[in-house]
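Undergrad: quick one, what's the 3D model for this:
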Amino acid sequence: MAAPRTSGMRTLRRGLPALLAAIALAGPIPAGAQEPEPETLALANDWPTLQTLLQLPDWMDLQFSVTAEPLFNPIGGERSAGSWIQQSSLELNLGSGLNQPSSSWSEFEHWQLRVVVNHDAGDAFYNSAIGALFPLQQVAYPAGFYGTEASIERKAGEGWLSFKAGILPLNPDFVEVPIFGNYVHSAFNNTLNILVADLPISPFSAFGGVVSGHPSKEITVRYGLFDLSSTDLISRWLGVTNSGVGPSVGTAQFLQLDLEPASMTAAPLKACRSERGVQRQKAACSTPVSVQNQLPNGLISLGGFLTSANGNGIYGSVTLPSGLPLGLADRLWIGGAYSPDSSLDVAPTFVGGGLVIQGPLPSRPLDVALFGIGRGGLSNQLSDSPYEGMLELGYRIQLNESFNLQPTLQWIFNPSGAPQPVPGILAAGVQLQLNF
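TA: Residues are numbered from 1 along each chain as shown. Reported below is the predicted structural model:
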């Protein structure tokens, strides 16, 4: 026999007043508590680092990185060939302010010591073997050890003045901007294809000093002075037997202005999760997510250099959002360099540009796709060809904070590294980067 219905009703009447009383005591639900924090998508940092493995103190920072760039050209050039080249870098920073907020630094905590040693191995002349003038790989340097930096530096912190001195490369303080680090071809990566002889472009270095002024958080003015006569000597200290630099004399001076608008700061990306994956957030989104930003800040950089014997030049670049609905976010860049004395520079002009897109695929919000195209104008006193052009397509798969791999596809227009004309070069490969 079924239980009488009156028993359930008596239970409901007894429990309802207690429930209403509990709600009244709790008060209204705060408006902010009604919306949970959005999910955060970021790279995992689950791989060990030297810092954790060696249990180093807070005043010491030790990092090790390896970049490998195997490449081959199945089509075009003087011949089909392959190349493997890699660069290993060990970086040590010492300073009591390394892991302290800069707002609380004492004067002593502004100061840091920095040492960087690079080792390059592999075929640095792959481009010459296939008939290209400019290296197709970022790390195409003669094999051996390089004492790339040994400096003492005063960080600006919350102030307006910073400077450093010792054995220094000119980049990344000059010419190089963060967006260039996404590319494999040497003309795009780091120094806008500037080929003035003996300039200490990393891993090469020279005795020098850099002074930087920061009149505001958006503006930096930087001046550098380098002793070019030391470039070849320093490259041979640790065993580079044929650096290709050769004896030199004189100095190089650099002056650069950087403008980094606050409105273009690379903050975490607001996105929306749907059945298709993670996409740009629109007006209405039921499942918002926050994505770690893999793109650099917007930046306008203008500068020039003056050497006592090897030519002078000006350069500049602009990095900014394109305004197009591409991926989760993007950066468009253009850049160029010009050296008026073509008798001293094999490539007195360069102009290039490109687009870098984060999250081009909804299922891969932390990956980056890139495109770049450039033209290196050649001196008519040093080459029979007017220019060599390059185009690069790439896709960086960021597996975690420590490891990424980047397939690259390059097309070299009018290759100009051979005495006779050669067909355009199609090259393919991958860049692998490990950081510990």
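
Undergrad: C-alpha from now on. contacts and neighbour counts both.
TA: OK.

Undergrad: can you tell me how far Val211 is from Gly97?
TA: 20 Å (Cα to Cα, to the nearest Å).

Undergrad: out of those two, which sits in the more crowded spot?
TA: Higher neighbour count among Val211 and Gly97: Gly97, with 22 against 17, using other Cα atoms under 10 Å.

Undergrad: phi and psi next, for the more buried one.
TA: In terms of degrees, to the nearest 10, the main-chain angles of Gly97 are phi -100, psi 10.

Undergrad: count residues in the vicinity of the closest residue to it other than its chain neighbours, would you?
TA: Sequence neighbours aside, Glu109 is the residue nearest to Gly97 in space, at 4.4 Å (criterion: Cα to Cα, 6 or more residues apart in numbering). Neighbourhood size, Glu109 [other Cα under 10 Å]: 19.

Undergrad: and for Pro57?
TA: Neighbours of Pro57 (other Cα under 10 Å): 12.

Undergrad: ok, it - contacts?
TA: If a contact means Cα atoms under 8 Å, 6 or more residues apart in numbering, then Pro57 has no contacts.

Undergrad: make sure Ser308 is actually in contact with Leu228.
TA: No. With contacts counted by Cα atoms under 8 Å, Ser308 stays clear of Leu228, the gap being 9.3 Å.

Undergrad: the more surrounded of these two?
TA: Remark: of Ser308 and Leu228, Leu228 carries more neighbours, 26 against 12, as counted by other Cα under 10 Å.

Undergrad: tell me how far that one lies from Gln253.
TA: Taking Cα to Cα, one finds Leu228 at 10 Å from Gln253.

Undergrad: how about Val356?
TA: Taken as Cα to Cα, the span from Val356 to Gln253 is 31 Å.

Undergrad: out of those two, which sits in the busier spot?
TA: It is Val356, of Val356 and Gln253, that has more neighbours when counted by other Cα under 10 Å, with 27 against 19.

Undergrad: so what's the more buried one scoring on pLDDT?
TA: Reported pLDDT at Val356 in the predicted model: 98.

Undergrad: that one pairs with what?
TA: Arg331, Leu370 (DSSP bridges).

Undergrad: pretty sure it sits against Arg331.
TA: Yes. Using Cα under 8 Å, Val356 is in contact with Arg331, at 5.2 Å.

Undergrad: overlap in contacts of those two?
TA: In contact with both Val356 and Arg331: Leu295, using Cα under 8 Å, 6+ apart.

Undergrad: just the strands from the stretch 201-350 of the chain, written as ranges.
TA: Remark: strands assigned in the stretch 201-350 of the chain by DSSP state E, counting those that start in this stretch are 206-216, 219-227, 251-259, 269-274, 277-280, 288-291, 299-307, 312-320, 329-338, 349-358.

Undergrad: got a markdown table for the ones you listed, with distance to Ile75 too?
TA: Listed next are the strands of the stretch 201-350 of the chain as a markdown table, based on distance: least, Cα to Cα, whole Å:
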| stretch | distance to Ile75 |
| --- | --- |
| strand 206-216 | 39 |
| strand 219-227 | 42 |
| strand 251-259 | 40 |
| strand 269-274 | 40 |
| strand 277-280 | 37 |
| strand 288-291 | 39 |
| strand 299-307 | 37 |
| strand 312-320 | 32 |
| strand 329-338 | 29 |
| strand 349-358 | 24 |
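
Undergrad: to Gly131, which of those strands lies closest?
TA: strand 349-358 (19.4 Å; Cα to Cα).

Undergrad: tilt between the closest one and strand 269-274?
TA: 40 degrees (axes from the mean of the first three to the mean of the last three Cα atoms, to 10 degrees).

Undergrad: count of neighbours near the nearest residue to Asn99 once chain neighbours are set aside?
TA: The shortest distance from Asn99 to any non-neighbouring residue, by Cα to Cα, 6+ apart, is to Asp58 (6.0 Å). Look at Asp58: counted by other Cα under 10 Å, it has 14 neighbours.
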